[in-house]
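In: just to be clear, the model below is a prediction. Sequence and coordinates:
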Amino acid sequence: GSLAILILGCIGVVYGDIGTSPLYAMRESLHAAGRNGLLPHEVLGIVSLLIWTLILIVTVKYVVLVMRADNHGEGGTLSLVALIQQSLSKRPAWLIGLGMVGISLFFGDAMITPAMSVLSAVEGMVLVAPGFEPLVVPVTLTIILVLFFVQRFGTAVVSVFFGPIMLIWFLTLALLGLSHVGDDWSILAAVNPYHGVSFLIENGRGSFVVMGSVFLAVTGGEALYADMGHFGRRPIRIAWSILVFPALMLSYLGQGALVLSHPERASNPFFLMAPDWAVLPLVLLATCATVIASQAVISGAFSMVKQAVRMGLLPRLEILHTSESQFGQIYLPKVNTILAAGVVFLVLQFGSSSDLASAYGIAVTGDMVITSILAAVLFRRVWGWSPFLTNMVVGPLLAIELVFLAANATKIIDGGYVPILIATFLCLMMWTWLRGSAHVLSQARRDAVGIDTLM
């Protein structure tokens, strides 16, 4: 009984972010590839890249490997830092530095996700009512302000509503995808990674831009690990294997088959999969789903900041526990206000999800690269893996993520500078706090063995 409730809850909170990627990942990848028309084998290549990115980064790296590393049930970059630190006699500067950059990038992501995903859903209204365009930004801002207002009631209260809605969302993804796979059965070949690899080889440098958009398919991967403290490992793994991954894969296959049979629908393949009568309900459901997607990153940001305070990287903040049964469910009023202000600013500044897409990837790829580096150190130093095994497992994943990072770096001028600015500011803030609080540091050194004593 309680496991089922936790699974439903984590479908709502943990998978919101990655679950709404089909709204824009395929669209942006096709746009990036199709500046001069798309060939059928290119569509196959893109769908193949989307599916294999999900398999390698989310399934292999997070669900199978990294989620085994939990610090008293907590996940996220700082858990890795804490676990490595416990095995070393002192606290090396590089370790703290990586941890700081990791949290800062995650925080940037927590501002961009709500802005990007809610905008992309509300923009769907323009397909139903073309006159809706001037209202997109005001409606988006209203939804976002309400979302941040309800945070004070806690993840548990929110996830009771979120779970069932996201369950309907994933089933809808699967059904819409299934209903279109038959438009062109050749799309099923995309499951073979050969098509993805040959797309990359054939397009050489040109595929770089596409990779930056393909990466949008896994932008919830970090939140999945950071939210581990809210639900625990097992519910998150079960939900991924039986529902989330199959639904995402079917959605991309269906969008691909649709574009193969109706190339003109590449402009917005997700919403154009729906029959005319269903577009409005789909837009409303997508809007609910994106609000929920934002919740995954906000909960993750609360967990991250709590761990940073505990490790002496940030000053003490007011932390309110919102659940009597789940220790990890918390609310931080100050962090909530800062996030809300940042999201509102981004919506006003960029005004459309396509413009924001350029700002999106860099924070997440940076964070993922840091997680992989820390995981390699953990596997080697703490779990005692041989150098060969560590390199064999982490090497390929890190290589893929570095390609994604480089691909996203091409978008710095278009908006990629936003998360970099946010992260730089946060790192400076933490560094100044660390410098100024030598007594906290010596205290933290004494407590490094049992980090929980600071709680």
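Out: Done, it's in. Just so you know, these numbers come straight off a predicted model, no measurement behind them. Numbers count the residues shown, from 1 in each chain.
In: give the residue spans of the stretch 151-300 of the chain that score low on pLDDT.
Out: For the stretch 151-300 of the chain, residues meeting the criterion pLDDT under 70 lie at 155-159.
In: in which helix or strand would I find the closest residue to residue 40 other than its chain neighbours?
Out: Leaving aside its chain neighbours, residue 40 sits nearest to residue 260 (5.7 Å; criterion: Cβ to Cβ, 6 or more residues apart in numbering). (Each C-beta comes from the backbone N, C-alpha and C, glycine too.) Following DSSP states H and E, one finds residue 260 within helix 245-261.
In: after that helix, which helix or strand is next?
Out: Immediately after helix 245-261, counting by DSSP H and E, sits helix 269-272.
In: tell me what that following helix is packed against?
Out: helix 25-33, helix 245-261, helix 279-310 (3 or more Cβ pairs under 8 Å, 6 or more residues apart in numbering; DSSP states H and E).
In: what sits against residue 401?
Out: Taking Cβ atoms under 8 Å, 6 or more residues apart in numbering, we find residue 401 in contact with 57, 365, 368-369, 372.
In: quick check, it in a helix?
Out: Yes - with DSSP: H, G, I helix; E, B strand; the rest coil as the criterion, residue 401 is part of a helix.
In: do you know how far it is from residue 137?
Out: Look at residue 401 and residue 137: by Cβ to Cβ, to the nearest Å, they are 33 Å apart.
In: with residue 213 instead?
Out: 23 Å.
In: give me the more crowded residue out of those two.
Out: residue 213 (28 against 16; other Cβ atoms under 10 Å).
In: next helix or strand past the helix or strand harbouring that one?
Out: For residue 213, the element it lies in under DSSP H and E is helix 206-214. Counting by DSSP H and E, the next helix or strand C-terminal to helix 206-214 is helix 221-226.
In: now do that next one: distance to the chain's middle.
Out: 6 Å (Cα atoms, centre = their mean, to the nearest Å).
In: just the strands in this structure please.
Out: Assignment of strands within the chain using DSSP state E yields the ranges 320-321, 330-331.
In: tell me which of those sits nearest to residue 281.
Out: Distance to residue 281, taken as Cβ to Cβ, is lowest for strand 330-331 among the strands of the chain, at 32.1 Å.
In: ok, residues contacting the closest one?
Out: With Cβ under 8 Å, 6+ apart, strand 330-331 has contacts from 151-152, 154, 302-303, 306, 319-322.
In: pLDDT weak spots in the stretch 351-455 of the chain?
Out: 438-455.
In: now the helices for it?
Out: Using DSSP state H, counting those that start in this stretch, the helices found in the stretch 351-455 of the chain span residues 353-377, 387-409, 417-436, 438-447.
In: so which of the strands of the chain is the most surrounded?
Out: A comparison of the strands of the chain by mean neighbour count, using mean count of other Cβ atoms under 10 Å, puts strand 330-331 on top with a mean of 20.
In: now that one, how far from the chain's geometric center?
Out: 20 Å.
In: quick one: strands adjacent to that strand?
Out: strand 320-321 (antiparallel) (DSSP bridges).
In: show me what counts as buried in stretch 384-395.
Out: 385, 390, 393-394 (16 or more other Cβ atoms under 10 Å).
In: could these be laid out in CSV, adding distance to residue 18?
Out: Shown next, in CSV, are the buried residues of stretch 384-395 (distance: Cβ to Cβ, whole Å):
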residue, distance to residue 18
385, 28
390, 27
393, 22
394, 21
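In: ok, of those residues, which one's closest to residue 76?
Out: Nearest member of these to residue 76, counting by Cβ to Cβ, is residue 394, at 17.9 Å.
In: the closest one contacts residue 372, doesn't it?
Out: Yes - proximity of residue 394 to residue 372 meets the contact threshold set by Cβ atoms under 8 Å, at 5.8 Å.
In: returning to what we had before: out of the helices and strands packed on helix 269-272, which comes closest to residue 350?
Out: Smallest distance to residue 350 across those (Cβ to Cβ): 14.2 Å, for helix 25-33.
In: tell me which residues touch the nearest residue to residue 252 once chain neighbours are set aside, please.
Out: Nearest non-adjacent residue to residue 252, counting by Cβ to Cβ, 6+ apart: residue 50, 4.7 Å away. Shown in contact with residue 50 (Cβ under 8 Å, 6+ apart): 25-26, 29, 214, 217, 252.
In: return the closest of those with respect to residue 106.
Out: For the contacts of residue 50, the nearest to residue 106 is residue 217 (18.4 Å; Cβ to Cβ).
In: for that closest one, list the residues it contacts.
Out: Counted by Cβ under 8 Å, 6+ apart, residue 217 has contacts 18, 21-22, 25, 50, 53-54, 248, 252.
In: can I get those in CSV including distance to residue 131?
Out: Formatted as CSV, the contacts of residue 217 follow (distance: Cβ to Cβ, whole Å):
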residue, distance to residue 131
18, 33
21, 28
22, 26
25, 28
50, 33
53, 37
54, 37
248, 33
252, 31
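In: which residues touch residue 128?
Out: Counting by Cβ under 8 Å, 6+ apart, residue 128 has contacts 279-280, 283.
In: who wins for neighbours among these?
Out: Counting by other Cβ under 10 Å, residue 283 has the largest number of neighbours within those, with 21 neighbours.
In: could you measure that one against residue 389, distance?
Out: Distance of residue 283 to residue 389, given as Cβ to Cβ: 48 Å.
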